[in-house]
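> test case, fold it:
(chains A and B)
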Protein chains: 2
Amino acid sequence: MENDTFLRACRNESTEYTPVWLMRQAGRYMKEYMALKEKYSFLEMCRTPEIACEVTMQPINAFDLDAAIIFADILLPLEGMGIGLHFAKNMGPVIENPVRTRADIDAIRIIEPEEDVPYLLKAIELVKTELNEKIPLIGFAGAPFTLASYIIEGGGSKNYVNAKSIMFGDPEYWHKLMDKIATLTGRYLNAQIDRGVNVVQLFDSWAGCLSPDDYVEFVLPYTKKVIDSVEGRVPVINFSTGTGTYLEILKQGGGDVIGLDWKVRLDESRERLGYDVAVQGNLDPTLLFSTPEVIKAKVREIIDQADGKPGHIFNLGHGIILGTPVDNVKMLVDYVHEYSRKG
Amino acid sequence: MENDTFLRACRNESTEYTPVWLMRQAGRYMKEYMALKEKYSFLEMCRTPEIACEVTMQPINAFDLDAAIIFADILLPLEGMGIGLHFAKNMGPVIENPVRTRADIDAIRIIEPEEDVPYLLKAIELVKTELNEKIPLIGFAGAPFTLASYIIEGGGSKNYVNAKSIMFGDPEYWHKLMDKIATLTGRYLNAQIDRGVNVVQLFDSWAGCLSPDDYVEFVLPYTKKVIDSVEGRVPVINFSTGTGTYLEILKQGGGDVIGLDWKVRLDESRERLGYDVAVQGNLDPTLLFSTPEVIKAKVREIIDQADGKPGHIFNLGHGIILGTPVDNVKMLVDYVHEYSRKG
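So this is what the prediction gives:
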């Protein structure tokens, strides 16, 4: 690997500067992406390897990022699981047959990635060729809780009443559902690793609706199962949002890197987690709507909190927001490098 | 006061049992409320003292609650501030002229409660008469951050990009806006206290989008200003959600009681906060969709974590959710009393 800074940071090894990539770095804030989006739907883009490869490379060509992430969606396994999915115009994902009953849970199929997401695996191959070992490629999956609540709620949710009704009301089947999802997610990630991704990230974007005790009982064993299933193959980033009150519990799920949102200070998080695990984060993505001066000041704060210790990957605390100015993204990436080299 | 259990718990004094009230205890989950809602819009209900009084009393008549809370909305001051507001059918509040510019901020009027919300003050008088000193009445207001982001975003928001753009991009005017809101909120609460509310609660339901450092710089001084402005008159409940990573900072804002959501354990929260301040919380409101057995088990956990120490008010971590079964609400209130008496 020409530039393995990101990989070394994932392994908690020292690096010459702080590596940086950005969640949702390929997306609607880039005009190159929007040009493609006019011709293809989101799912068409994901399911056409050449386009998924092109979109993956767009931010790599535009910014000096230390890692690429395959263009895909955490809901891609759904079709193979037997759950219909489409993306409504300006509405996000719509699940056609939400999982609500024991029969629905029993009916979920454990995917065979080679059969069910061949386009994703092919896209990974194309990107690996295109990257030509310049920087690492990240594969990813939804964490079991986020995927489970998506397929139960049938889309985004404010209170997760349906998901929690199964979780609290029928714990036997909740555990069955989560175990199935953990099994298929392990397969999904291992297939990505087989095709060459260098790191995998689990996205538990919705875990923030859970109490620490409910996380321990209903979620932790399955996140751990997924992470254990790729153990030793590539570094794992265990990412979630809204979980800063129980970082110590997240760590029990495993992962070489714990993803942090901006609700916790980086220095405090590292102290709580211990320095044997790396961290990724944690700029508030809305800051990218601000001025270069304000952004730079916040970058300095975060890098100063990291205090030159090994194992910090710079990122946002969540994905880039639609409408983010591209110039600020470029400036951010360059400034993380510049300031951390000095440090 | 016939039953001052709630007031004593607010003052961190010992009580014979754990007092309980529920955020949004008057509302759409009750058929009595829906019957009125068929005839009047939400704002009509708020602006008609007799109806606001009737709605306030509905849960008091149905359940054995230890406190009433005046039926109102945190957006009631908007009209007096010069900001148009209506409630769209099934859509929640819509702000007609969101605050986006310096001129918009300069134009905000500091309300005169007697002129601008006479209906609210009248409703408080009616409820006080109706309650006849049986249990205390809570008044409330939105905390400055939540009210500021509401009037800037013009409604609910996912990322608070507009609010944070002013906060990060024009801090001078952000501070000016927050100071104005803190001043008028102080007046608003003091007018409620003048008419007889026994406790006030500040709702910072949206503070959870802020980093601890941004909370300290952009929010804390104004929450503190509001709380200071009612100092010594009645107990204050300082409530927010999604802020469990920086409870210690919330405490600096003041308040006799810190409101907790379910993202932090009650015992851990009290240890972090110190026992010189009371706490309120912290059942996940989705649990009320579960079975009595599951709800009771969680109630026991929370009361056991409170460990018989003075200064615990039982509540949900956020408001009652639409669709919550009324029978479970009744059972919850009774069981909190029953179990905590034993303890």
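> all strands of the stretch 51-200 of chain A, in order?
A:68-69, A:85-88, A:92-95, A:137-142, A:199-204 (DSSP state E, counting those that start in this stretch).
> who's in contact with the first one?
Residues from elsewhere that reach strand A:68-69, judged by C-beta atoms under 8 Å, 6 or more residues apart in numbering or on different chains: A:21, A:23, A:25-26, A:56-57, A:59-60, A:127, A:131, A:135-140, A:201. In short, each C-beta sits where N, CA and C put it, glycine included.
> what do you get for stretch A:38-58?
Contacts for stretch A:38-58 (C-beta under 8 Å, 6+ apart): A:26, A:30, A:32-33, A:36-37, A:68-73, A:76, A:85-87, A:119-120, A:122-123, A:125-127, A:130-131, A:137.
> how far does that stretch stretch from one end to the other?
Using C-alpha to C-alpha, to the nearest Å, the gap from the first to the last residue of stretch A:38-58 comes to 16 Å.
> and that stretch, what's buried?
Of all the residues in stretch A:38-58, those buried under the rule 16 or more other C-beta atoms under 10 Å in any protein chain shown are A:43, A:45-49, A:51-58.
> where does residue A:250 land in three-state SS?
Here residue A:250 is recorded as helix under DSSP: H, G, I helix; E, B strand; the rest coil.
> quick one: contacts for it?
Residues counted as contacts of residue A:250 (C-beta under 8 Å, 6+ apart) are A:238, A:240, A:243, A:258.
> adding pLDDT, write those residues out as a markdown table.
As requested, these are exported to a markdown table (pLDDT from 0 to 100):
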| residue | pLDDT |
| --- | --- |
| A:238 | 98 |
| A:240 | 98 |
| A:243 | 98 |
| A:258 | 98 |
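> looking at the residues you listed, which are in strands?
When DSSP state E is applied, the contacts of residue A:250 are split such that A:238, A:240, A:258 fall in strands.
> residue nearest the centroid of chain A?
Central residue of chain A (C-alpha atoms, centre = their mean): residue A:203, 4.1 Å from the mean position.
> which residues does that residue contact?
Contacts of residue A:203 (C-beta under 8 Å, 6+ apart): A:74, A:140-143, A:146, A:239-240.
> let me know the pLDDT of it.
For residue A:203, the pLDDT comes out at 98.
> tell me how far it lies from residue A:143.
Counting by C-beta to C-beta, to the nearest Å, the separation of residue A:203 from residue A:143 is 6 Å.
> need the overlap of contacts for the two.
A:239-240.
> chain B contacts on chain A?
A:159-161, A:164-165, A:168-169, A:208, A:210-214, A:242, A:244-246, A:262-265, A:284-287, A:289-291, A:294, A:301, A:321, A:323 (C-beta under 8 Å from any C-beta of the partner chain).
> returning to what we had before: could you export the contacts of residue A:203 to JSON lines, including columns for distance to residue A:14 and neighbour count?
JSON lines is the format used below for these (distance: C-beta to C-beta, whole Å; neighbours: other C-beta atoms under 10 Å in any protein chain shown):
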{"residue": "A:74", "distance to residue A:14": "32", "neighbour count": "20"}
{"residue": "A:140", "distance to residue A:14": "26", "neighbour count": "22"}
{"residue": "A:141", "distance to residue A:14": "29", "neighbour count": "25"}
{"residue": "A:142", "distance to residue A:14": "32", "neighbour count": "26"}
{"residue": "A:143", "distance to residue A:14": "29", "neighbour count": "28"}
{"residue": "A:146", "distance to residue A:14": "33", "neighbour count": "24"}
{"residue": "A:239", "distance to residue A:14": "23", "neighbour count": "27"}
{"residue": "A:240", "distance to residue A:14": "26", "neighbour count": "28"}
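> save those residues as JSON lines, and put in distance to residue A:2 too.
Converted to JSON lines, the contacts of residue A:203 look like this (distance: C-beta to C-beta, whole Å):
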{"residue": "A:74", "distance to residue A:2": "29"}
{"residue": "A:140", "distance to residue A:2": "22"}
{"residue": "A:141", "distance to residue A:2": "27"}
{"residue": "A:142", "distance to residue A:2": "31"}
{"residue": "A:143", "distance to residue A:2": "31"}
{"residue": "A:146", "distance to residue A:2": "33"}
{"residue": "A:239", "distance to residue A:2": "26"}
{"residue": "A:240", "distance to residue A:2": "31"}
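> tell me the one of those nearest chain B?
Distances from chain B to those, taken as C-beta to the nearest C-beta, are shortest for residue A:240 (12.1 Å).
> on that earlier part again, columns pLDDT on top of the buried residues of stretch A:38-58, output as a markdown table?
Formatted as a markdown table, the buried residues of stretch A:38-58 follow (pLDDT from 0 to 100):
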| residue | pLDDT |
| --- | --- |
| A:43 | 93 |
| A:45 | 95 |
| A:46 | 96 |
| A:47 | 96 |
| A:48 | 98 |
| A:49 | 98 |
| A:51 | 98 |
| A:52 | 98 |
| A:53 | 98 |
| A:54 | 98 |
| A:55 | 98 |
| A:56 | 98 |
| A:57 | 98 |
| A:58 | 98 |
